[in-house]
Structures are given as C-alpha cells and as structure tokens.
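Chemist: My questions concern the predicted model and sequence given below.
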Amino acid sequence: MPTSDWLLAPGERGNAATRLEDRRADGAAWSEGNRARPLVHGAAYFAELLERVRAMRAGDLLLFTDWRGDPDERLRGPGTEIAAVLGAAAERGVIVKGLLWRSHLDGFRFSEEENRSLSEDVEAAGGECLLDLRVRPGGSHHQKMVVLRHPGHPGRDVAYIGGIDLCHNRNDDADHRGDRQSLALAPRYGPHPPWHDVQLALSGPVVGDVEAVFRERWEDPAPLSRSPLMRLRERLDREDTRADELPPQEPDPPPCGTHAVQVLRTYPNRLLRGYPFAPDGERSIARAYLKALRRARTLIYLEDQYLWSPRVVDCFARALRASPQLRLAAVIPSVPEQDGPLTGPMNLIGRITALEELRRAGGDRVAVYGVENHAGTPVYVHAKVCVIDDVWASVGSDNVNLRSWTHDSELSCAVLDRAADPRWPYDPGGLGDGARPFARELRLELMREHLDAGDGDGAGGGDGAGGGPPGAQALSQEALCDPSTAFDRFGEAAAALDAWHAAGRRGPRPAGRLRRYVAPRLSPVRRLLATPLHHALVDPDGRPLGMRLRGGF
C-alpha cells in the first residue's frame, strides 16, 4: 500500500512556507518509525503527563501550547496542580516555554484570567509563558500540545497532541462521573459534567515535527497582539511579550515503532500580516480528510464535539454517495455546552443542517449517537477522532466544522500503521490496503467503552463500577472487528437503552451508554435568526476570498 494513497504527498499540504515541508532529507511529507498511543480520557493523560514531567531534569526542554490552562487543575491529587508541576520543573532547571491563547473576556465564558494566572505562575517559577493573540478577529489558538525533550536521552522524548486542555472538566475517566474541578455546562450535564476525550502520545521522529510546529509559532516576529488597547494593557501590566531564544533543536528521536505519522494543522488566512510560516494560512487538516475520505468504502467512525457546517460535511456526504456500502457512525454531545434561548439555536442550527445533508446522502447508513453514563447523565463528547476503514486514523484538536478547518489554529496527526492487522476482515475497504492495528484498536477501544463490552476477551462488566452496569453483555472483540457488525451493534445497543428509558427505566439497565441522537426542531423564525449568528460567531470561515468562492480548502 503506497502511503501517499492516504497521507498528503509533498506539496499537497498547500503551504510551502512551513518547515514541515523540508525537514527530512528524503523530502518525505510524514515521518516513519513512530509509536502512537491513544490516551483515552483526561485521567489517563494527566497521570502519564505528571509522571513524565516529574522525571525531567535540568537542561531538559518542556514546550506546551493550550487554548485554556487552569493553574489549579490537578493532574492527579493535591499537590499536582498544573501550575505547581510546571513551576517545579522550571525550578529544577527544566527549560519551560509555553504559548497560551490570550482568550476573549471571562464575561463571555472564556478563560482570560485563568490563562493569565497560569502564565504568571510559570514565569514566576523561572519558565516563560506568553499570551498569544496572533489570531484572526474572533479566532483562537486551539492547539493543545506538550513536547518533552531530553538532550542525550532521545529515547525518553515524547509529544502529546489531541483534544485535552490543561484545565477544569478534563480529568475524567471511563466511569464518567466528571472532574471534581468543574466548569458549568448546560444544566443537563449536572454540577460535574461527565467528559469524554482523547489525547495522542507520540514517540519517535514525529516528536521533532511537533516541536517544529511549536518553534514556528514561538519564533513568529509579529507582536503578540495587534490591538492598541491590548498592547497598552501589556505595558501597564509589565507582561512578557518577547519570546526568548530557544536552544537549538535536537536531532529527531530514533525510530521506535511501525507508525507513519503526518502532522496536520489549521491556520487562518490572517488579514494584513499573515504568519511567516503560513502566509496564506494552512488547511492541511481539511485536505487530509478530503484525501482519506475518497478511499472510504466500509465505515467512517467519528467522535466529534460539533459535527456541523454543511460546507464541511459535504466531503462526507460525497463519500457516502460514491460508495453504496459505506456507513458513517458518529458520537457527539447530546446537548450543546450552551443551551440558552440564543446560544442554543446558534449552536444547533449548524448541526441540524449538516445532519440533514448527511442523511440525504446516506439514509439509514448514517447513525449519530450521544453518550450517557450509567446514572443517565449525558456525557460531553469533546474527542476529535476519525477512523476510516480501520486503515487511516486522525486524532487532534480539530472538530468537524468550518472554524476548525479554516479559522482557528489547530493541530492534528494522521496515523497509518505500516503493520497489517491479522484479524478478519483482513481488508475491510476492499482496496488492498488491509486493516491496520493502530486504527482498528483505536476504534475498538472507543466502541467497547460505549457498548460496555469490556476489553480484550470481550467480557462485560457486572457490578456497575468501571466495566459496566448490571446486565452488561459479553461482546467479543472479534465481532466488533467487522466494521459492518460494529455499526449494527451500536444501533442495537442504542435502541435497547432508548426503549428502557421510554419504559420508565423498569428492569435491569441494558448494557451500553449510547442514545440515538435526535436533533431538536427549530421553528422557521428561530432558524432564520440563528443562521447568520452561527456563521458570524460560532462557525466563521477563515479562508482567502478566492478559495471561499471556489469552495475549496
């Protein structure tokens, strides 16, 4: 299987200005010999991150970017607050450098003060953390990465990318009882919103690629903000606004696995003065989806916070029309994070129109689900994952919407395992690509959780704690390996749980956590009012005008 059948070939990124295009002597547009590990849930990610950071010593390098950082968020328990952990590393002599989105005002339910506080704490301990507002108007830096480098010990190097911020709500596990340090969402999520998320741990040469992404932003000579008022505030508060020089980048870590990994980004077409590393923006995340979806034949499995914007889901709809056997299963939040009289319709209208388009293309081959915990509380799905035909997999910070594909900064990785998976069906897509262990195992791990199907041997839980509720049924891993069977099992599990709820929750609770997603109805007047607000505020377009007119990415 030629890797270029699935990953973007040299030049297909659409941004020749980035150093990612010429990092390797052989001109390859991705790195080989990596090991990618999915860390499902914040608790798993935070525990590993805490262990790795505490093991760092003087001269090691710690780089991070984030959309939101809460200085008091505990990675594991008392004494493991993120500001304290990063500060202690800096005090040991670790070189700590961070870029946090400056954020909109807290009055609009953003994180201005939290990000400022984390930045100040890191700087006070001897690190450096800048508040970065080099974005398109109304945009954000949404990349979430941590890079840990160990000069002289490259085997310890690791990079983390994905959907999990270093902030409240994220420290949840498979039981989905929620982070005790919580931020309010819509009332139906309760006081401690259950949270489902995925981060990717990367080892091998790709760590150098992720570090290069950080360095491009860090070394951008443009001011951190172009707003005169913001720059005045920076001076009055004596903020650090100049990035100190980084040590030279170490050689990439040696190969350690079988995964080809391609680092993908979104940067907007920034008005007046663009990014030196992306003068017309970059939309390689969108381009990677467009290319991979052309090979989809059996199952697209999505977990996504939004799944909206007809202009984005059009590529999924085209794949469904082109392949009559192709199915799409998506797991999304049952309820928008904000469901007020104005914010609710603003968030829903994009999803309603997107799902209408998908169902016109695929009919009953499209199935969309929400998730609840065993107490019946909706789980907020924040994951950004796509698996196609058990071959291609993507994990990142990007959602399936126009904002993520064109407007905000995003970071994702497409993973293509060079090893073949020995389990049947050997070639789900029928194109000779074969199933690949990384993509298949990622899909299976996520599906098993939602079905209460247990792990390797297929045994379900039995006591309602951890593995599943009373009545959980065994479901073999081999059965779920078949994408078509897995699609059907999702539908059966959701139908059983929906029926149990409709009957007043009488009798044992069926196994599984899936509920069929039914989009609420909006009156014509609410649709009319919500649509322009959705396009202007919720899901803006960051493409150059010519590209918008052509409908491309």
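Modeler: Thanks, I have the structure now.
Chemist: Let me know the next secondary structure element after the lowest-mean-pLDDT helix or strand in the chain.
Modeler: Ranked by mean pLDDT, DSSP states H and E, the weakest helix or strand in the chain is helix 228-236, scoring a mean of 75. Once helix 228-236 ends, the next helix or strand along the chain (criterion: DSSP states H and E) is strand 259-267.
Chemist: What strands line up against that next one, and which way round?
Modeler: Next to strand 259-267 in the sheet, as set by DSSP bridges, lie strand 31-40 (antiparallel), strand 282-283 (antiparallel), strand 410-417 (antiparallel).
Chemist: Pick the most buried one from those.
Modeler: strand 282-283 (a mean of 28; mean count of other C-beta atoms under 10 Å). Every residue, glycine included, has its C-beta placed from N, CA and C.
Chemist: Distance from the chain centre to that one, please.
Modeler: Put simply, strand 282-283 sits 16 Å off its chain's centre (C-alpha atoms, centre = their mean, to the nearest Å).
Chemist: Which other helices and strands does whatever helix or strand comes next after that strand contact?
Modeler: The C-terminal neighbour of strand 282-283 among helices and strands, as given by DSSP H and E, is helix 284-293. If you count contacts as 3 or more C-beta pairs under 8 Å, 6 or more residues apart in numbering; DSSP states H and E, helix 284-293 packs onto strand 259-267, helix 310-322, strand 385-388, strand 392-396, strand 410-417.
Chemist: To Leu299, which of the strands paired with strand 259-267 lies closest?
Modeler: Between Leu299 and the strands paired with strand 259-267, the tightest spacing by C-beta to C-beta is seen for strand 410-417, at 16.7 Å.
Chemist: just the helices in the stretch 301-450 of the chain please.
Modeler: 310-322, 343-362, 402, 437-451 (DSSP state H, counting those that start in this stretch).
Chemist: those strands in the stretch 1-150 of the chain, which residues are they?
Modeler: 31-40, 61-66, 95-101, 128-132, 145-149 (DSSP state E, counting those that start in this stretch).
Chemist: Now those strands in JSON lines, please, with extra columns for mean pLDDT and distance to Pro194.
Modeler: Output for the strands of the stretch 1-150 of the chain, formatted as JSON lines (pLDDT from 0 to 100; distance: least, C-beta to C-beta, whole Å):
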{"stretch": "strand 31-40", "mean pLDDT": "98", "distance to Pro194": "14"}
{"stretch": "strand 61-66", "mean pLDDT": "98", "distance to Pro194": "22"}
{"stretch": "strand 95-101", "mean pLDDT": "98", "distance to Pro194": "25"}
{"stretch": "strand 128-132", "mean pLDDT": "97", "distance to Pro194": "30"}
{"stretch": "strand 145-149", "mean pLDDT": "98", "distance to Pro194": "24"}
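Chemist: circling back: let's have the strands paired with strand 259-267 in JSON lines, adding distance to Arg74.
Modeler: Converted to JSON lines, those look like this (distance: least, C-beta to C-beta, whole Å):
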{"stretch": "strand 31-40", "distance to Arg74": "17"}
{"stretch": "strand 282-283", "distance to Arg74": "35"}
{"stretch": "strand 410-417", "distance to Arg74": "25"}
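Chemist: Just tell me which of the helices of the stretch 301-450 of the chain ends up closest to Ser4.
Modeler: Nearest to Ser4, of all the helices of the stretch 301-450 of the chain, is helix 437-451, at 17.2 Å by C-beta to C-beta.
Chemist: helices or strands next to that closest one in the packing?
Modeler: With contacts taken as 3+ C-beta pairs under 8 Å, 6+ apart, helix 437-451 sits against strand 31-40, strand 299-303, strand 385-388, strand 392-396, strand 410-417, helix 477-481, helix 483-502.
Chemist: then the third one to PDB, C-alphas only?
Modeler: In other words, strand 385-388. In PDB, the C-alpha atoms belonging to strand 385-388 read as follows (Å, rounded to 0.1, in the frame of the first residue of the first chain):
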ATOM      1  CA  VAL A 385     -11.200  11.300  16.300                       C
ATOM      2  CA  CYS A 386     -11.800   9.800  12.900                       C
ATOM      3  CA  VAL A 387     -11.100   6.200  11.800                       C
ATOM      4  CA  ILE A 388     -11.700   5.200   8.200                       C
END
